[in-house]
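Q: kindly return the folded structure for what I paste below:
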Amino acid sequence: MASESNKIISVIIVACGAGDYLASCLDSVLAQLHPADEIIVIVNQPGQTIDDTVRLRHTSVKVLRQKENLFYCQALNIGIGASKGDFVLCLNDDVVLDKRFIKEALRGFAIDERVGLVSGKIVRPGGLTIDSTGLFLNYCRKATERGYGRRDTGQFEKQGYVFGVNGAVAFYRRKMLEDIKENGFYFDPAFRIFYEDVDISWRAARRGWKGYYVPAALAYHVRGGTVRQGRGIDKPYARRYLAAPLHADLIKNRYLTMIRNESLPDFLLHLPGIALYECISWLYILCGNRPAVGEFFLQIRHIRDAFRKRLLRARGREV
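A: Model (predicted):
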């Protein structure tokens, strides 16, 4: 643990302006028993005025204002690129950390030098309902949050290895981020938002990095606070509350993640589950959110690009 406790810790918060969350998030970061060495806030919405409030209340925070909405992935790329930490904690602004979060999460990195991603126990406000205790892939190749929506009865108090970490509270080792960097980006900007945490976890696994879960690292997350309509916050079946462009991102990014990371044998093995999920998913879209179909086809170029890059990579060429 000593080898990790003296390393530089950077915290990056993407402020989406979809609620009055940022002040509470910052307060929790500044109250950490193991303090962060730098805190960077990415103001990701044109016209937001929160940066002045942040500077008055938190003079140590570095604010990077963007001229346009770059969405979550590119905002994180900018924040990580501007940071200097050996470990980088990426947060949604609708997250509040327990004061022991960083201290406990660092224990996960100390387990093994190949641990590149650490997840704490993420619960909903109030602490009664689990939001995530680690990220996994199911038979349909859909991202699954372990414990999602279940009452917390202490059933996930054992630490251990996980496939990946939820993007709302994602702690990364800098060496891993640099190792999996592609085309100058840590996160693929084509994703914009959704599935970026699955993609980076999968890319890390392909490079031999591991994810680890530390239940003593506790965080509170308002599920959907940054992207859903008010009535959809902390509700199940998230896609019901997404605007059409975001719903299209959800569809597209699932495909991008598989194209970028899935091996052909594993794809064929999981094909029945994938096909079943796609039938149900598209039936729901056609019946419940038809505008998302048009939005999806506006972004289909990203799928073509992903296939092209995979083909080049298979030929041993740079992409």
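
Q: what lines up beside the longest strand along the chain in the sheet?
A: Identified as the longest strand of the chain according to DSSP state E is strand 210-221. Strand 210-221 pairs in its sheet with strand 95-97 (antiparallel), strand 115-123 (parallel), strand 160-162 (antiparallel), by DSSP bridges.

Q: state the next helix or strand along the chain beyond that strand.
A: helix 244-261 (DSSP states H and E).

Q: helices or strands next to that next one in the packing?
A: helix 196-206, helix 264-288, helix 291-298, helix 301-314 (3 or more Cβ pairs under 8 Å, 6 or more residues apart in numbering; DSSP states H and E). All C-beta spots, glycine's among them, are computed from the backbone N, C-alpha and C.

Q: name the nearest residue to residue 193, ignoring sequence neighbours.
A: residue 72 (4.3 Å; Cβ to Cβ, 6 or more residues apart in numbering).

Q: show me what contacts the one you found?
A: Residue 72 makes contact with 14, 16, 44, 167, 187, 192-193, 196, according to Cβ atoms under 8 Å, 6 or more residues apart in numbering.

Q: give me the element it is part of.
A: Short version, using DSSP H and E: residue 72 is in helix 71-82.

Q: which regions of the protein sit below the pLDDT cut-off?
A: For the chain, the stretches flagged by pLDDT under 70 are 1-3, 5, 17-19, 46-58, 225-240, 317-319.

Q: which residue ranges make up each domain of it?
A: 2-221, 239-314 (automatic domain parsing).

Q: export the helix holding residue 72 as PDB, just CAs?
A: Backbone C-alpha positions of helix 71-82 (Å, rounded to 0.1, in the frame of the first residue of the first chain) are rendered in PDB as follows:
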ATOM      1  CA  PHE A  71     -19.800  14.900 -24.600                       C
ATOM      2  CA  TYR A  72     -18.300  12.600 -22.000                       C
ATOM      3  CA  CYS A  73     -15.600  10.800 -23.900                       C
ATOM      4  CA  GLN A  74     -13.800  13.700 -25.400                       C
ATOM      5  CA  ALA A  75     -14.200  15.800 -22.200                       C
ATOM      6  CA  LEU A  76     -12.400  13.000 -20.300                       C
ATOM      7  CA  ASN A  77      -9.700  12.900 -23.000                       C
ATOM      8  CA  ILE A  78      -9.100  16.600 -22.400                       C
ATOM      9  CA  GLY A  79      -9.100  16.200 -18.700                       C
ATOM     10  CA  ILE A  80      -6.800  13.200 -18.600                       C
ATOM     11  CA  GLY A  81      -4.400  14.900 -21.100                       C
ATOM     12  CA  ALA A  82      -4.200  18.000 -18.800                       C
END
